[in-house]
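>>> Just the structure for this:
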Amino acid sequence: MSVLQLDALPRLEGLPQGVPFPAAPPRPRWYVSTKRAMDVVLSLGFLVATAPIVAAAMLGIVLVSGGNPIYRQDRIGRGGRRFRMFKLRTMIRNAHELLPELRRFSEVDGPVFKMRDDPRLHGLGAFLRRTSIDELPNFINVLLGDMSIVGPRPPLPEEVAHYDEHALRRLVVKPGITCLWQISGRSHLSFDEWMALDNAYIDAWSPWYDLAIIAKTLPAVVRGVGAH
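Predicted structure coming up:
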């Protein structure tokens, strides 16, 4: 059976120095081609089905905050490759300037920043995050091939700079819109629990496993547990 060695990836600039790039179990090539076919078909369907919701959200963002409703942010993908991720903007336009003084209020450990009632959110920001509407433009990244529907959430470059080998392993697969972390409590989980779930997915993923995670995502979004 033909297999794809997922860990056969070049080490790129921006990854932590002195930390070896981890390996992932090989998968049959048809797993990878099936996953890509599912990504394209489902993403097209989701983009068409949610277009009215996205359009209404974009109009709302312009009305309450002004400026461009679409936010493009550098993220790190498979093998350490940098790409621009599309989201609906949930924060005021100078949000990045306020982050240094807010870091001490982070409610999670590790290199990530998560804060309930983030003061940088605009009037619709909390609602868009709680409902995950802000992430719907991620499906554009799936069509472009930067992301998959299921996979570890794409980290920021400054987060990856502090990764150890255990956390770095999440970069051996494409990042995703939803994952085990998304359906298991999201921000209510510690950083170590988050990394453990991502590693568990990497060890077990298959097209059928992806479909099971997708099926559990909508109920998790409706519950909104840990979404902030």
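>>> residue boundaries of the helices in this protein?
29-65, 95-102, 125-130, 138-144, 157-160, 165-168, 191-204, 207-223 (DSSP state H).
>>> so Leu42 makes contact with Ile214?
Yes: using CB atoms under 8 Å as the test, Leu42 is close enough to Ile214 to be in contact (7.5 Å). Just so you know, the C-beta spots here come from the backbone N, C-alpha and C atoms, and that holds for glycine as well.
>>> list residues touching both of the two?
Ile149 (CB atoms under 8 Å, 6 or more residues apart in numbering).
>>> thinking again about what came up before, adding mean pLDDT, distance to Leu88 and mean neighbour count, write the helices of the chain out as TSV.
Formatted as TSV, the helices of the chain follow (pLDDT from 0 to 100; distance: least, CB to CB, whole Å; neighbours: other CB atoms under 10 Å):
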stretch	mean pLDDT	distance to Leu88	mean neighbour count
helix 29-65	96	5	15
helix 95-102	73	14	12
helix 125-130	91	6	18
helix 138-144	97	10	20
helix 157-160	89	21	16
helix 165-168	87	27	17
helix 191-204	91	23	17
helix 207-223	90	15	15
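>>> which stretch among those comes nearest Arg89?
helix 29-65 (5.8 Å; CB to CB).
>>> got the contact list for stretch 99-118?
91, 119-120, 125-126, 155, 158-159, 161-163, 167, 187, 190-192, 194, 228.
>>> mind checking pLDDT for the residue nearest the centre of the chain?
Nearest residue to the geometric centre of the chain (CA atoms, centre = their mean): Arg153, 2.7 Å. Model confidence at Arg153, given as pLDDT, is 94.
>>> wait, which of the helices of the chain is closest to Phe21?
Here helix 165-168 is closest among those (CB to CB), at 6.6 Å.
>>> Contacts made by that closest one with the rest, please.
Here helix 165-168 has contacts from Leu15, Pro16, Val19, Pro20, Phe21, Pro22, Gly110, Val160, Met195, Asn199, using CB under 8 Å, 6+ apart.
>>> need the contact list for the closest residue to the last one other than its chain neighbours.
The shortest distance from Asn199 to any residue other than its chain neighbours is 5.8 Å, reached at Arg169 (CB to CB, 6 or more residues apart in numbering). Under the criterion of CB under 8 Å, 6+ apart, the contact partners of Arg169 comprise Pro22, Ala24, Asp198, Asn199, Ile202.
>>> All good on my end, thank you.
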